[in-house]
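> Dropping the sequence and predicted coords here.
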Amino acid sequence: MDGLRHDYPAKSKSGGFSFISSNGLVAESLVPVYQSTTFPTHVSMATGVYPDKHGIMHNSFYDREKGSYSYSPEANWIQSKPIWAYLEEKGIKTATYFWVGSETAWNGINITYNKFPFSNSVSEETKIQQIIDWLSLPDTERPRLIMTWWHGIDSVAHKHGMNHISVAKKFAEQDGHLLDLINKIEAEDLWKKLTLIVVSDHGMTDISNFINVKEILKKADIQAKTSIGPAVAHIFLEDQKDLSKAIKVFQRNKFLEVKSKVEISNTLHLVHPTRTGDIVILTKSPNMLVSRKSNNPPIGMHGYNPENNKDMEGIFLAYGNKIKPSQINKVKQVDVAPTILSLMNIDIPTYMEGKKIELN
């Protein structure tokens with residue numbers, strides 16, 4: 001559920017979240033990867049590795065060898081094997097209904113059932129019906145893993161901020177759809193062999209200060225390609241002689257943390273061989289890095305480092321087969337894929353950086 005912050009399940013009165021909270025497992029939160037934006041987070045959940053390894057640094061980024069990436073449906077930009085490809089190689093059928101990186105074959109490995117292209121206008125009711133149809137297939141045809149994207153509260157929170165009534169209304173709507181999915185699975189009598197995991201890609205926080213990275217470069221007469229996310233910007237200099245000048249220019253802004261590529265800590269998982277800039281700029285909320293002025297700027301945003309912004313933390317809940325009703329501590333986004341494989345009694349590959357979450 002896109003953008004659903006860690007504190008939202010507790011707001012449920014009678015929907016799916018309330019049901020799982022009473023009958024299933026709830027983690028304190030799901031800690032996203034950094035930059036905590038939609039594409040890196042979805043791919044980390046699908047691969048079990050951090051963005052510096054799978055290569056999807058943001059929804060859009062620049063690669064010195066391949067060029068520009070922007071919301072691409074091309075799976076081969078992902079540099080670590082997604083869980084559906086890992087399973088399909090073993091002859092296990094999988095299904096995706098809108099998941100980042102699942103629209104095309106990954107290095108020649110196809111998903112058995114995948115719905116695409118992505119469309120924001122497809123309803124949750126449509127997705128639920130497709131999930132039930134997949135689950136109703138004969139044993140030899142039924143996918144053993146289904147992954148799907150739901151709207152969550154992302155769009156309305158971006159537009160109106162976290163405290164707006166429309167966010168509460170959207171959550172209540174999603175909460176109702178989740179209960180509908182639970183009830184339809186119950187009607188099919190599948191809970192003895194089916195596990196439902198509910199996650200979000202990131203949380204959300206309110207912002208108020210916009211910093212135009214391209215404008216700063218232009219005023220300093222520095223030529224560079226830029227890859228700008230809300231919390232992290234990569235600067236690829238045309239001339240390496242501009243390095244110290246550019247660093248000093250950005251350091252004049254008190255809201256920016258400025259580092260050359262070699263100064264970035266590996267713990268941030270921001271250093272990729274061809275997708276990290278000569279300079280990396282970091283900021284905290286309520287600041288947001290932008291590349292142009294907007295007449296209709298967002299009020300809610302994400303992307304920030306979860307190590308120092310709890311608002312970035314998302315949700316992790318589970319119900320059904322092999323789930324012991326309980327409350328557990330925080331879990332990491334890279335733990336999602338290993339946990340799925342553990343539930344399926346399939347070996348966790350050594351390339352995955354996460355570990356399985358104990359669910360029972």
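Happy to help now that I have it.
> Wait, a strand at residue 138?
No: counting by DSSP: H, G, I helix; E, B strand; the rest coil, residue 138 is not part of a strand but coil.
> now the helices for this protein?
For the chain, the helices defined by DSSP state H cover 16-23, 38-47, 51-54, 83-89, 124-135, 154-160, 165-187, 213-219, 243-251, 336-343.
> Pick the most buried one from these.
Among those, helix 38-47 has the highest mean neighbour count (mean count of other CB atoms under 10 Å), at a mean of 28. Any C-beta I mention is one placed from the backbone N, CA and C, and that applies to glycine too.
> so it versus helix 336-343, what angle?
Calculated by axes from the mean of the first three to the mean of the last three CA atoms, to 10 degrees, helix 38-47 forms an angle of 30 degrees with helix 336-343.
> packing partners for helix 38-47?
Helix 38-47 sits against helix 51-54, helix 83-89, helix 336-343, with contacts defined as 3 or more CB pairs under 8 Å, 6 or more residues apart in numbering; DSSP states H and E.
> how about a cut-off of 10 Å?
helix 51-54, strand 60-63, helix 83-89, strand 145-148, strand 195-199, helix 336-343 (3 or more CB pairs under 10 Å, 6 or more residues apart in numbering; DSSP states H and E).
> Quick check: buried residues in stretch 276-289?
Using 16 or more other CB atoms under 10 Å as the test for burial, stretch 276-289 gives 276-283, 285, 287-289.
> before we move on, back to that, got the helices of the chain as TSV, with distance to residue 265 and mean pLDDT columns?
TSV is the format used below for these (distance: least, CB to CB, whole Å; pLDDT from 0 to 100):
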stretch	distance to residue 265	mean pLDDT
helix 16-23	36	97
helix 38-47	17	98
helix 51-54	11	98
helix 83-89	28	98
helix 124-135	39	98
helix 154-160	29	97
helix 165-187	34	97
helix 213-219	21	96
helix 243-251	17	96
helix 336-343	24	98
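> With residue 318 as the reference, name the closest of those helices.
Residue 318 sits nearest to helix 16-23 of all the helices of the chain, at 7.5 Å, using CB to CB.
> before we move on, the earlier item: out of the buried residues of stretch 276-289, which comes closest to residue 236?
The shortest approach to residue 236 among these belongs to residue 277, at 5.0 Å (CB to CB).
> Verify the contact between that closest one and residue 238 for me.
No: look at residue 277 against residue 238 with CB atoms under 10 Å: they stay out of range, at 12.0 Å.
> what sits in contact with each of the two?
Contact criterion CB atoms under 10 Å, 6 or more residues apart in numbering; residues shared by residue 277 and residue 238: 224-225.
> and the two most separated of the buried residues of stretch 276-289?
Pairwise distances across these peak at 25.4 Å for 278 and 285 (criterion: CB to CB).
> Dump the helices and strands packed on helix 38-47 to CSV, plus distance to residue 131.
Below are those laid out as CSV (distance: least, CB to CB, whole Å):
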stretch, distance to residue 131
helix 51-54, 26
strand 60-63, 30
helix 83-89, 15
strand 145-148, 6
strand 195-199, 10
helix 336-343, 16
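> if I look at residue 124, how far off is residue 150?
For residue 124, the distance to residue 150 (CB to CB, to the nearest Å) stands at 6 Å.
> Now list whatever residues contact both of the two.
Common neighbours of residue 124 and residue 150 (CB under 10 Å, 6+ apart) are 1, 174, 177-178, 181.
> Break the chain into its domains for me.
For the chain, automatic domain parsing gives the domain ranges 9-206+306-343, 209-297.
> Distance to residue 353 for those - can I get that in TSV?
As requested, the domains of the chain are exported to TSV (distance: least, CB to CB, whole Å):
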stretch	distance to residue 353
domain 9-206+306-343	5
domain 209-297	9
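> Out of the ones you listed, which is closest to residue 350?
With CB to CB as the criterion, residue 350 lies closest to domain 9-206+306-343 of the domains of the chain, at 10.5 Å.
> Between its first and last residues, how far does that closest one reach?
Domain 9-206+306-343 has its terminal residues 23 Å apart, counting by CA to CA, to the nearest Å.
> now swap in stretch 75-93 and tell me
Terminal-residue distance, stretch 75-93 (CA to CA): 18 Å.
> hang on, the earlier thing: residue 29: which of the shared contacts of residue 124 and residue 150 is nearest?
residue 1 (13.7 Å).
> which of the shared contacts of residue 124 and residue 150 lies closest to residue 270?
residue 1 (25.9 Å).
> can you count the residues close to the nearest residue to the closest one once chain neighbours are set aside?
In space, residue 1 comes closest to residue 152 once its chain neighbours are excluded; the distance is 3.5 Å by CB to CB, 6 or more residues apart in numbering. Each residue near residue 152 was counted by other CB atoms under 10 Å, and the total is 23.
> mind checking pLDDT for residue 152?
As predicted, residue 152 sits at a pLDDT of 97.
> quick one: it and residue 4 touch, right?
Yes: the criterion here is CB under 10 Å, and residue 152 meets it with residue 4 at 4.5 Å.
> who's in contact with the closest residue to residue 110 other than its chain neighbours?
Closest residue to residue 110 apart from its sequence neighbours, by CB to CB, 6+ apart: residue 88 at 6.8 Å. Residues in contact with residue 88 (CB under 10 Å, 6+ apart) are 82, 94, 105-106, 109-112, 143, 145.
> Just send those residues back as CSV, with neighbour count too.
As requested, the contacts of residue 88 are exported to CSV (neighbours: other CB atoms under 10 Å):
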residue, neighbour count
82, 29
94, 22
105, 15
106, 22
109, 15
110, 14
111, 26
112, 18
143, 22
145, 21
